[in-house]
Every structure is written in structure tokens, then in C-alpha cells.
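Engineer: structure for the following, please:
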Amino acid sequence: MNPNDLTISAATPIPAPTPPSASSIPVLSTPAPIAATPATPVTRAQFAPAGPSIGRIVHYVMSGEAVSQGQHRPAIIVRVEGEIVNLQVFTDGASDGMRYEDGLVRRILIAHDETDKAPDTWHWPEQA
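Structural biologist: Just a heads-up that it's a prediction; the model follows:
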């Protein structure tokens, strides 16, 4: 039968919908209450990412000028080669020394140093 051949006239009755029976409606069960558990301290290792990746925020340890030597500045990873990365470092402008007065400096081939945090290295941000 071709659907285009169907015609409905005003005299054709349309059946009223039948409501579902009470037995056909599913009943949802109430979940059991969750028991309270003591708080477990979170360690830094649980938050440390598997490794560096482009776009991650890290800390760069400043080197060069005595004014900012050893201070940590935020940086974004722009290239990754294992644990060696290239960074865009956000400085404190001229407060970090005249060579950083633009507020942004590119650092390349920067090694990871999570323990000593020596100048001219990067590490994951410290936990607040």
C-alpha cells in the first residue's frame, strides 16, 4: 500500500489514547544510604600529572639577574620533548630585572627539577 493513497476525512474517528495501567509503570527503588567515611588526606602524588603536556601551567625558577634569581614564576608549556620543555614565562615585569620588563619571556630546553628546584628549571606548582 502506498502511503500517498491514504486519505482521512473529517468523518474518520480518531481513537482516544488509553492510559497505562498501574502494573505497567516501573517502580523505582530507594537507594541505600551511603555510610560516612573518615576523610583521607590527599597526597601531592595523586595530583601530579603523568608528564608534561602542551598548555599545562608549571613553575619556572628564575635565573640570570640577581633581583629575581631563584624566584618561581608561572609558565605555560609550549613544547615537550620528554621531560625537557619550552616555556612562555610570565614575569613580574621590570621588578624581575630590566631584561624581563616586557612581562613575558620565552625559555627553551628547560629541564624538570622537582626536588632541588634549581634556577633555570621547571616544576609542578606547589600545593596551596
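Engineer: surely residue 108 meets residue 86?
Structural biologist: Yes - counting by Cβ atoms under 8 Å, residue 108 does reach residue 86; the two are 4.7 Å apart. Placement of C-beta: from N, CA and C, glycine included.
Engineer: shared neighbours, the two?
Structural biologist: In the contact map built from Cβ atoms under 8 Å, 6 or more residues apart in numbering, the residues linked to both residue 108 and residue 86 are residue 79.
Engineer: who has more neighbours, these two?
Structural biologist: Here residue 108 and residue 86 are compared on neighbour count by other Cβ atoms under 10 Å; more neighbours surround residue 86, at 17 against 10.
Engineer: which residues touch the more buried one?
Structural biologist: Applying Cβ under 8 Å, 6+ apart, one finds that residue 86 lies in contact with 77, 78, 79, 106, 107, 108, 109, 110.
Engineer: what lines up beside the helix or strand that contains residue 88 in the sheet?
Structural biologist: Residue 88 belongs to strand 84-90 when assigned by DSSP states H and E. Partner strands for strand 84-90, per DSSP bridges, with pairing direction: strand 72-81 (antiparallel), strand 104-112 (antiparallel).
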